[in-house]
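Novice: Have a look at this prediction, sequence included:
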Amino acid sequence: MQDSIRGKAYVIGDNIDTDQIIPAKHLVYSLSDPEERKLYGKYAFSGVPDAAAGLPHGNVKFAPENDYRSPYQIVVGGKNFGCGSSREHAAEALQIAGVQAVVAESYARIFYRNVVDGAFCMPFESTQRLITEVKTGDELEIDIPAGTLKNLSSGKTYRLRPLGDVLDIIKAGGVFAYARQAGLLKT
Amino acid sequence: MTMTEQVLAGHAGRKTVVPGDNIWVDVDILMTHDVCGPGTIGIFRKQFGPNAKVWDPEKVVIIPDHYIFTNDQHAHRNIDVLRAFVKEQGLPYYYDVGTDKYKGVCHIALPEEGHTRPGEVLFGTDSHTCTAGAFGEFATGIGNTDAALIMGIGKLWVKVPETMRFEFEGPLPPYLMAKDLILHIIGDIGVDGATYRAMEFAGDGVMSLSIEERMTLCNMVIEAGGKNGMIPVDAVTEQFVKSKTGKPYEPVQDNPGARFHSVRRYKSAAIEPTVAKPHSPDNRATARECHGIKLDRAYIGSCTGGKLNDFVAAATILKGRQVKTDTYIVPATTEVARGVATTKLNGETLLETFQRAGAKIAQGASCAACLGGPSDTFGRLNKSEVCISTTNRNFPGRMGSKTAQVYLASPYTVAASAITGTITDPREFL
């Protein structure tokens, strides 16, 4: 597991549900097809209303036109990130778009589980509300062993909550690797 | 222990568990559908090998229901993937599109086909799998990766949740439905008010509800962030389950010493017809407070509000009246659709009532516009329309366009509002 994650911030608000992360009409693409799955990156966060897409100003597209890789590697969200449907496509869409970490005040549990068990990215919880502290486009650095997030654009550092029980699954590389370690999977 | 704790302990081979324990549980039923099935199958093959077999064909239930009546070729391909997998694995419980076995919305199809049983553990690749808590079982939604793991080994790790208990005292007044109760609760605790927790519903108000209404209560626990819903098992539950399956099951009840995270008590009669305003299920108001808000559409359907009792309620109000706004009727399953066509209210079938009222009736049972879906989905909100709906979620874009506005309400309130074209308290028509 790497020690730090560095990248540009994409900031969104509270209760970003999985329909906003990846709208239902896009759930028809194959996740196994290496080319087709890129569409999930292209349409990631396309369900967020324009005014709330990329705070504080809004109207910031997460992925540029004609690309599936986003210039933003760290998503900063508010409360209850990933609520709503259980679609794992949402967690995977972020990974396909190149997101390495989400830092939110809190998560909805199915999304959180999907991110952890599928090892799609690192789900950190902030100890304070960061969506008013960080602006879309700010350069951020997460120090994983120290449990801190530094906003290189403002110079401020913030504490992150420890990952707790799920760290073992993340360290293993997802639930399949974890189940193999637990002896539940022979193959 | 609470009911949830007992079910989980029993399926982990333990005498006791406490909230916060991480345990591996044996799974009784794994359900998947056309949206998440193909992804699950892909991971299953990748992790267990191209020739792998599911752990128990009797315990895997596959119900295509989301994107059925569409011209979207990708959606059709997803059904083909399910069909090929079912054939290869020899799965007996597959409800294929275009056949007599086709059902429609999975959460309603599961109990109709006898797959929901007290005391069991049910996982499904859909957040509304929690609906089955109405049968006194542990049921919750999971992603494709977790589902693929279950497919291979029949087990999954879970963290034992604390239980929040919600008691309703007194039977519901004739203008209230379970939808009003759950919207009221979500308004109280918020869309993350039950995150990581079980929500147990009890009291004589809840126990006086039909099995379908109990399903509505449990269906929306996910809208409060809840892990699972749970309702005590009584004669109503047992009668329903025994009419659908001969399989044995072992119900559990709360122990006298069960410890709850919290207990909230409500008087049923004090609740009013309730609405969740855009764009969040916890944005609560009474129907009276929303009086006069102009509508472009009314929608009655989904796992939340597309059961036979929901259509009986709507027809009670629509009978002999005309709708003023576009009104969409979408039975959840083929069995519900048959019920709509045959159930009579004062000498007229529900279907005739809806037709005479000027409503548009779906040609097939499915999830349809509850979650938007492909652009040609029946009832989808394709522009900045204002809709009142019996469905479960109203975050931006849920029913299609992200500029549309969705109000959630009971079938009574939706039907009353369809008649006036504005949000209306159903007591004006009851």
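Specialist: Structure received. The shown structure was predicted, so the numbers you read here are calculated from the model rather than taken from an experiment.

Novice: Do you have the strands of chain A handy? List them.
Specialist: With DSSP state E as the criterion, chain A has strands at A:4-11, A:74-77, A:101-104, A:122-125, A:139-143, A:148-151, A:156-159.

Novice: so where's chain B shaky on pLDDT?
Specialist: For chain B, no stretch has pLDDT under 70.

Novice: The lengthiest strand in it: how far from the chain's middle?
Specialist: The longest strand of chain B (DSSP E) is strand B:162-169. Computed by CA atoms, centre = their mean, to the nearest Å, the chain-centroid distance of strand B:162-169 equals 19 Å.

Novice: Against which helices or strands is the helix or strand that it is followed by packed?
Specialist: Downstream of strand B:162-169, the next assigned helix or strand under DSSP states H and E is helix B:178-189. Here helix B:178-189 touches strand B:162-169, helix B:211-219, strand B:262-267, strand B:274-276, strand B:284-286, going by 3 or more CB pairs under 8 Å, 6 or more residues apart in numbering or on different chains; DSSP states H and E. Just so you know, the C-beta spots here come from the backbone N, C-alpha and C atoms, and that holds for glycine as well.

Novice: if you set the cut-off to 7 Å instead, what comes out?
Specialist: In terms of contacts (3 or more CB pairs under 7 Å, 6 or more residues apart in numbering or on different chains; DSSP states H and E), helix B:178-189 is packed against helix B:211-219, strand B:274-276, strand B:284-286.

Novice: That one vs strand B:262-267, what angle?
Specialist: Put simply, helix B:178-189 runs at 130 degrees to strand B:262-267, going by axes from the mean of the first three to the mean of the last three CA atoms, to 10 degrees.

Novice: Any buried residues in helix B:178-189, and which?
Specialist: Neighbour counts over helix B:178-189 (16 or more other CB atoms under 10 Å in any protein chain shown) mark B:178-187, B:189 as buried.

Novice: Determine the next helix or strand in the C-terminal direction from it.
Specialist: Past helix B:178-189, the next helix or strand by DSSP H and E is strand B:197-202.

Novice: Outside of that next one itself, list whatever touches it.
Specialist: Residues lying outside strand B:197-202 but in contact with it, judged by CB atoms under 7 Å, 6 or more residues apart in numbering or on different chains, are B:2-4, B:161-167, B:217, B:221, B:224, B:226-232, B:261.

Novice: At the contact with chain B, which residues of chain A appear?
Specialist: A:15, A:17, A:19-20, A:23-25, A:27-29, A:31-32, A:47, A:49, A:79-80, A:83-88, A:106, A:108-110, A:113-114, A:117-118, A:165, A:174-176, A:179, A:184-185, A:187 (CB under 7 Å from any CB of the partner chain).

Novice: hang on, the earlier thing: near chain A too, which of the contacts of strand B:197-202?
Specialist: Filtering the contacts of strand B:197-202 for neighbours of chain A using CB under 7 Å from any CB leaves residue B:227.

Novice: Buried ones among the contacts of strand B:197-202?
Specialist: B:2-4, B:161-167, B:217, B:221, B:224, B:226-232, B:261.

Novice: Where do the helices of chain B begin and end?
Specialist: Assigned by DSSP state H, chain B shows helices spanning B:3-11, B:37-48, B:73-89, B:106-112, B:144-153, B:178-189, B:204-207, B:211-219, B:235-244, B:302-305, B:308-318, B:334-342, B:350-357, B:411-420.

Novice: Which positions in stretch B:323-330 come out as buried?
Specialist: Of all the residues in stretch B:323-330, those buried under the rule 16+ other CB under 10 Å are B:323, B:325-330.

Novice: so of these, which ones are in strands?
Specialist: Per DSSP E, the buried residues of stretch B:323-330 map to strands at B:326-330.

Novice: ok, so of these, who is nearest chain A?
Specialist: Using CB to the nearest CB, residue B:330 is the member of these that sits closest to chain A, with 15.4 Å.

Novice: Quick check: bridge partners of the closest one?
Specialist: Beta-bridge partners recorded for residue B:330 (DSSP bridges): residue B:301.

Novice: Kindly provide the distance from it to residue B:23.
Specialist: Between residue B:330 and residue B:23 the distance, using CB to CB, to the nearest Å, works out to 39 Å.

Novice: do the same with residue B:328
Specialist: Separation of residue B:328 from residue B:23 (CB to CB): 43 Å.

Novice: Is there proximity between stretch B:63-79 and chain A?
Specialist: Yes. With CB under 7 Å from any CB as the measure, stretch B:63-79 is seen reaching chain A through B:67, B:72, B:74-75, B:78.

Novice: Let me have those residues in a markdown table, extended by neighbour count.
Specialist: Formatted as a markdown table, the residues of stretch B:63-79 next to chain A follow (neighbours: other CB atoms under 10 Å in any protein chain shown):
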| residue | neighbour count |
| --- | --- |
| B:67 | 27 |
| B:72 | 16 |
| B:74 | 17 |
| B:75 | 22 |
| B:78 | 24 |
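
Novice: could those residues be laid out in a markdown table, adding distance to residue B:353?
Specialist: Shown next, in a markdown table, are these (distance: CB to CB, whole Å):
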| residue | distance to residue B:353 |
| --- | --- |
| B:67 | 29 |
| B:72 | 32 |
| B:74 | 37 |
| B:75 | 32 |
| B:78 | 35 |
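
Novice: Name the residue closest to the centre of chain A, please.
Specialist: Nearest to the geometric centre of chain A sits residue A:102, at 3.6 Å (CA atoms, centre = their mean).

Novice: Provide the partner residues of the spatially closest residue to it that is not a sequence neighbour in its beta bridges.
Specialist: Distance criterion CB to CB, 6 or more residues apart in numbering or on different chains; nearest residue to residue A:102, sequence neighbours excluded, is residue A:75 at 4.5 Å. Following DSSP bridges, residue A:75 is listed with bridge partners residue A:10, residue A:102.
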